[in-house]
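*Asks:* Just need the structure, nothing else, for what follows:
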Amino acid sequence: MTAPTWLYENFDNSGSAIGFRVNAKLDEVQSPFQKIEIYESTDWGNVMLIDGAMMVTTRDNFLYHEMMSHPALFTHAAPKTVVIIGGGDCGTLREVLRHPGVEKAVQCDIDEQVTRMAEKHFPELCESNSDPRAEILFDDGIAYMANCAPGSVDIVIVDSTDPVGPAEGLFNKAFFESCHRALKDDGILVQQSESPLVLLELIQAMRAEMGKAGFTTFQTLPFPQPCYPTGWWSCTLARKGQGFDFREADARAKPFETLYYTADIHKGAQSLPPFVAKALGEG
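*Replies:* Numbers count the residues shown, from 1 in each chain. Below is the predicted model:
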């Protein structure tokens, strides 16, 4: 590239696209699983693409990583053991380990190259990789959860790409059954759940599969995410029986800084827009 140009991702499901102005292509690797590219943008820092889909930018990744971790960790009474399936950029791992009560956080991503590219081009996301509480594995997350000891995990966070390719098996009853079995009775499953604006049917189907796996209560939390389809994203929490009241006092007194998540943001996200609540049977 000799001058800034535009990098676009088209979304067939929404009939829309998102683009970033970029100066240069910094890196590219074809792993055994997917193609990973890194671009330098003019305004959003570095941008990671996987198989042509926007994954992470320096400027806006905090929205996703904070909402994938802190709502669940402040909802659980005392989370000590956390498993992250996917999450190879390590941003969710960093947020989980901000909680001093967490004793162990396992991150299992099938593609080592995602983490190596993040270490090189998003080092701020990887600052907790050497934390003695962290265990970083490069393996099949579906197999990892199937082999987890029953009742051994407090929180499972599924920080996956879209439900295609290597992530396709992370959105079905069989996988959710493994998560249900591995979780303690008060455990929480968190799954990134796409855009509630244009992919509500996917969220409905995902929650139905969670229900078939034994989970009985669900909460979908929307949040802004400019680099993803429509700019509006969500995560969905599932439990075996308990509700989703969170430790609001602890969230307000958290011993670490966040850029987006607060107790008030958490409360606000629990109030779904009417069209989403109706579609999910909550309004």
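*Asks:* Every contact and neighbour count from this point should use C-alpha atoms.
*Replies:* Noted.
*Asks:* tell me the mean pLDDT for the longest helix belonging to the chain?
*Replies:* Longest helix in the chain, counting residues (DSSP state H): helix 61-75. Predicted confidence along helix 61-75 averages 98 (mean pLDDT).
*Asks:* That one packs against which elements?
*Replies:* The criterion is 3 or more Cα pairs under 8 Å, 6 or more residues apart in numbering; DSSP states H and E, and the helices and strands that helix 61-75 contacts are helix 91-96, strand 153-159, strand 183-192, strand 217-224, strand 232-239, helix 248-252.
*Asks:* Skip the chain neighbours and tell me the closest residue to Glu28.
*Replies:* Glu37 (4.4 Å; Cα to Cα, 6 or more residues apart in numbering).
*Asks:* So the one you found lies in a strand, does it not?
*Replies:* Yes - assessed with DSSP: H, G, I helix; E, B strand; the rest coil, Glu37 lies in a strand.
*Asks:* Quick one: residues contacting it.
*Replies:* For Glu37, the set of contacting residues under the criterion of Cα atoms under 8 Å, 6 or more residues apart in numbering consists of 25-29, 48-50.
*Asks:* rerun at 6 Å
*Replies:* The contact partners of Glu37, taken as Cα atoms under 6 Å, 6 or more residues apart in numbering, are 27-28, 48-49.
*Asks:* returning to what we had before: between strand 232-239 and the longest helix of the chain, find me the angle.
*Replies:* Here helix 61-75 runs at 20 degrees with respect to strand 232-239, directions being taken by axes from the mean of the first three to the mean of the last three Cα atoms, to 10 degrees.
*Asks:* Could you check the angle helix 61-75 makes with strand 183-192?
*Replies:* Using the same axes, to 10 degrees: helix 61-75 against strand 183-192 is 160 degrees.
*Asks:* which parts of helix 61-75 are buried?
*Replies:* Within helix 61-75, the residues scored as buried using 16 or more other Cα atoms under 10 Å are 61-75.
*Asks:* Quick one: residues in contact with it.
*Replies:* For helix 61-75, the external contacting residues (Cα under 6 Å, 6+ apart) are 91-92, 96, 246-247.
*Asks:* again, but for stretch 232-241
*Replies:* The set of residues that contact stretch 232-241 without belonging to it, under Cα under 6 Å, 6+ apart, is 188-195, 215-225.
*Asks:* Would you format the contacts of Glu37 as a markdown table with pLDDT included?
*Replies:* Conversion of the contacts of Glu37 to a markdown table gives the following (pLDDT from 0 to 100):
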| residue | pLDDT |
| --- | --- |
| Asp27 | 98 |
| Glu28 | 98 |
| Met48 | 98 |
| Leu49 | 97 |
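*Asks:* now those: which count as buried?
*Replies:* 48-49.
*Asks:* Closest one of the contacts of Glu37 to Ala105?
*Replies:* Of all the contacts of Glu37, Ala105 sits closest to Met48, with 24.0 Å by Cα to Cα.
*Asks:* Can you give the domain ranges for the protein?
*Replies:* Dividing the chain into domains by automatic domain parsing, as the record does, gives the ranges 5-57, 61-279.
*Asks:* shaky segments in the stretch 51-200 of the chain?
*Replies:* Residue ranges of the stretch 51-200 of the chain with pLDDT under 70: 161-171.
*Asks:* can you tell me which strand in this protein is longest?
*Replies:* The residue-count maximum for a strand in the chain (DSSP state E) belongs to strand 16-30.
*Asks:* How about Cys40: what's its closest non-neighbour residue?
*Replies:* Small correction: residue 40 is Glu, not Cys. For Glu40, the nearest residue in space outside its immediate sequence neighbours is Asn46; the separation is 4.6 Å by Cα to Cα, 6+ apart.
*Asks:* distance of the one you found from Val29?
*Replies:* 16 Å (Cα to Cα, to the nearest Å).
*Asks:* Quick one: buried ones out of the contacts of stretch 232-241?
*Replies:* A residue is treated as buried here by neighbour count (16+ other Cα under 10 Å); on that basis the buried members of those are 188-195, 215-225.
*Asks:* Asn46 and Val29: which has the busier surroundings?
*Replies:* Looking at Asn46 and Val29 with other Cα atoms under 10 Å, you find the greater number of neighbours at Asn46, namely 20 against 14.
*Asks:* residues contacting Ala174?
*Replies:* Neighbour list for Ala174: empty [criterion: Cα under 6 Å, 6+ apart].
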